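# Sequence and predicted structure, then a few things I'm wondering about:
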Amino acid sequence: MKAGIIGATGYGGVELFRLLNSHPHIKQVILFSSSNAGEEFTSIYPQMSTEQNHRLEELNPEEMKEELDVIFLATPAGVSTQLTPELLGGKAKVIDLSGDLRLKDGSAYTKWYKKESASSAILEKSAYGLPEWNKEAIQSADLIANPGCFPTAALLGLGPLVSEGIVDPSSIIIDAKTGVSGAGKNPGAITHFAHLQENFQIYKVNQHQHIPEIEQQLTEWSPETVPVTFSTHLVPMTRGIMATIYLTLKENQTLEELKSYYESCYAEEPFVRFRKEGQFPGTKDVYGSNYCDIGITLDPRTNRVTIVAVIDNLMKGAASQAVQNMNLLFQYEEKTGLPDLPVYP
Ligand SMILES: NC(=O)C1=CN([C@@H]2O[C@H](COP(=O)(O)OP(=O)(O)OC[C@H]3O[C@@H](n4cnc5c(N)ncnc54)[C@H](OP(=O)(O)O)[C@@H]3O)[C@@H](O)[C@H]2O)C=CC1
Ligand SMILES: CC(=O)N[C@@H](CCC(=O)OP(=O)(O)O)C(=O)O
């Protein structure tokens with residue numbers, strides 16, 4: 001198979017390259033760049049040298065859609081809205097890592113991303129690429145909207161309880177922390193080393209573009225609308241997301257019952273690991289891997305549940321989840337080409 005990466009010189013693009021380069025079904029990876037076409041990839045990332053030389057190519061959607069089997073877009077918001085219509089209709093399947101195609105309601109996209117949305121025809125065509133919850137739709141799609149990094153952690157953590165209908169829908173608080181690579185390779189002043197180191201910073205309070213994405217999926221799982229309080233914090237680390245989620249239950253349940261919902265939801269899922277009672281994961285437990293590790297507990301004093309879900313934002317939050325989706329699209333075994341274990345320490 002031939003794969004193409006648009007936005008190859010960004011953090012998500014480089015991580016995709018690393019994974020696709022050792023994927024057993026990918027014979028060739030072609031890298032596209034809007035700013036460095038004509039240059040060798042190794043002139044930008046010498047550490048990514050391989051046996052094959054990779055020159056950064058200029059975009060040519062007409063050729064790409066016929067010659068490539070799969071195209072990944074690892075580009076800033078707004079680019080996929082423009083490019084996807086030109087990339088569909090040929091041989092290639094398209095996997096978009098940006099937020100452009102995740103929200104079914106184009107006006108919600110415009111409100112939260114402050115950009116023009118893709119057409120409703122494109123939005124309808126795209127399958128939400130959260131494999132643990134949407135496998136069938138992914139397998140039969142031509143276009144995948146890879147989930148956001150925070151929604152991946154939050155939804156995998158919340159899914160078993162919200163879909164069971166046992167959560168008070170007005171009670172959900174998602175308190176999330178992220179490493180700085182989530183902001184891409186050209187972040188703003190908030191991510192400057194001098195500001196970031198020894199600091200812990202909340203940002204986009206009540207304005208984060210992942211709020212409607214999380215609510216869209218929760219509301220699909222639940223008979224009621226599920227609004228969430230969602231806050232994001234930058235911590236001085238490179239990779240990793242921890243979503244600490246608090247909620248109350250509609251009726252009393254035991255921790256054993258709660259655990260059983262997770263165990264049955266994720267029993268067949270190779271990339272969700274549920275912790276034993278009393279254990280909670282840290283971000284290093286999933287570093288460099290496609291895992292989402294989850295721990296839960298119930299405080300009998302308050303009847304409040306605490307859920308902790310961790311992922312690597314560049315992996316399960318972006319590139320490796322995109323490869324997991326590619327595996328599903330092409331009927332490869334879901335774990336193909338993805339690391340078995342995280343990098344530790
Ligand atoms: N970083 C993360 O943890 C996650 C990121 N995402 C999303 O994935 C996407 C990529 O993120 P990330 O790799 O971090 O971002 P980066 O900013 O690191 O890279 C984006 C790349 O897109 C390319 N690009 C920029 N403008 C254009 C344009 N107008 N047309 C075509 N290509 C363009 C650039 O590459 P070049 O100049 O070579 O074309 C750039 O290197 C974003 O939408 C992001 O929100 C999603 C989940 C997690
Ligand atoms: C640290 C940091 O800034 N993280 C980014 C991650 C979001 C992202 O990647 O954007 P989309 O999923 O919408 O494409 C943020 O919080 O906005």
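Everything's here; your move. Residues are numbered from 1 along each chain as shown. Ligands and ions are numbered 1, 2, ... in the order given.
# wouldn't Trp221 be in contact with Ile166 here?
No - judged on Cβ atoms under 8 Å, Trp221 makes no contact with Ile166 at a distance of 11.6 Å. C-beta coordinates here come from the backbone N, C-alpha and C atoms, glycine included.
# Show me which residues of the protein are close to ligand 1?
6-13, 33-36, 74-77, 79, 97-98, 148-149, 181-182, 184-186, 313-314, 317-318 (Cβ under 6 Å from any ligand atom).
# Just the terminal-to-terminal distance for stretch 233-247.
End-to-end distance for stretch 233-247: 19 Å, by Cα to Cα, to the nearest Å.
# List the buried residues of that stretch.
Neighbour-count burial for stretch 233-247, counted by 16 or more other Cβ atoms under 10 Å, picks out 234-235, 239-247.
# about what we covered before: inside strands: which ones of the residues of the chain next to ligand 1?
Secondary structure assignment (DSSP state E) places Ile6 from these within strands.
# Now do the strands in the stretch 51-200 of the chain.
Taking DSSP state E, counting those that start in this stretch as the criterion, the stretch 51-200 of the chain carries its strands at 70-73, 93-96, 127-128, 143-145, 173-178.
# hang on, the earlier thing: can you flag the buried ones in the residues of the chain next to ligand 1?
Among those, those classed as buried by 16+ other Cβ under 10 Å are 6-13, 33, 36, 74-75, 79, 97-98, 148-149, 181-182, 313-314, 317-318.
# what is Thr248 paired to in the beta sheet?
Listed beta-bridge partners, Thr248: Arg304 (assigned using DSSP bridges).
# err, Arg55, not the other one
Glu40.
# if I pick His214, what's in contact with it?
For the record, residue 214 is Ile, not His. 150-151, 154-155, 174, 228, 230 (Cβ atoms under 8 Å, 6 or more residues apart in numbering).
# quick one, what contacts whatever residue of the chain ends up closest to ligand 1?
Residue nearest to ligand 1 within the chain: Gly10 (1.8 Å; Cβ to the nearest ligand atom). By Cβ under 8 Å, 6+ apart, the contact list for Gly10 reads 74-75, 184-185.
# how about the closest residue to Asn53 other than its chain neighbours, what does it touch?
Leaving aside its sequence neighbours, Asn53 sits nearest to Glu40 (Cβ to Cβ, 6 or more residues apart in numbering; 6.5 Å). If you count contacts by Cβ under 8 Å, 6+ apart, Glu40 has them with 53-56.
# and those residues as TSV, adding distance to ligand 2 and neighbour count?
Output for the contacts of Glu40, formatted as TSV (distance: Cβ to the nearest ligand atom, whole Å; neighbours: other Cβ atoms under 10 Å):
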residue	distance to ligand 2	neighbour count
Asn53	30	9
His54	24	21
Arg55	27	15
Leu56	22	21
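# if we take these, which one ends up nearest to Glu132?
Nearest to Glu132 out of the contacts of Glu40 is His54 (Cβ to Cβ; 32.3 Å).
# Was I right to think the closest one contacts Ile44?
No - between His54 and Ile44 there is no contact under Cβ under 8 Å: 10.3 Å.
# Can you list the buried residues in the worst-scoring helix or strand of the chain on mean pLDDT?
Lowest mean confidence among the helices and strands of the chain (mean pLDDT, DSSP states H and E): helix 193-196, at a mean of 92. Neighbour counts using 16+ other Cβ under 10 Å place Leu196 of helix 193-196 among the buried residues.
# Same check on stretch 171-179?
In stretch 171-179, counting by 16+ other Cβ under 10 Å, buried: 171-172, 174, 176-179.
# just stretch 107-118 next, same as before
Buried residues in stretch 107-118, counting neighbours by 16+ other Cβ under 10 Å, are found at 108-109, 112-113, 117-118.
# Now tabulate those in a markdown table and tack on distance to ligand 2.
What follows is the buried residues of stretch 107-118, written out as a markdown table (distance: Cβ to the nearest ligand atom, whole Å):
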| residue | distance to ligand 2 |
| --- | --- |
| Ala108 | 13 |
| Tyr109 | 10 |
| Trp112 | 9 |
| Tyr113 | 7 |
| Ser117 | 13 |
| Ala118 | 14 |
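# Among those residues, which are located in helices?
Cross-referencing these against helices under DSSP state H gives 108-109, 112-113.
# What is the nearest of those residues to Thr84?
Proximity to Thr84 was ranked across those by Cβ to Cβ; first place goes to Tyr109, at 13.2 Å.
# Touching, that closest one and Lys115? I think so.
Yes - counting by Cβ under 8 Å, Tyr109 touches Lys115, with 7.2 Å between them.
# what's the nearest residue to Val205 if we skip its chain neighbours?
Distances taken as Cβ to Cβ, 6+ apart place Ser231 nearest to Val205, at 6.2 Å, with adjacent residues excluded.
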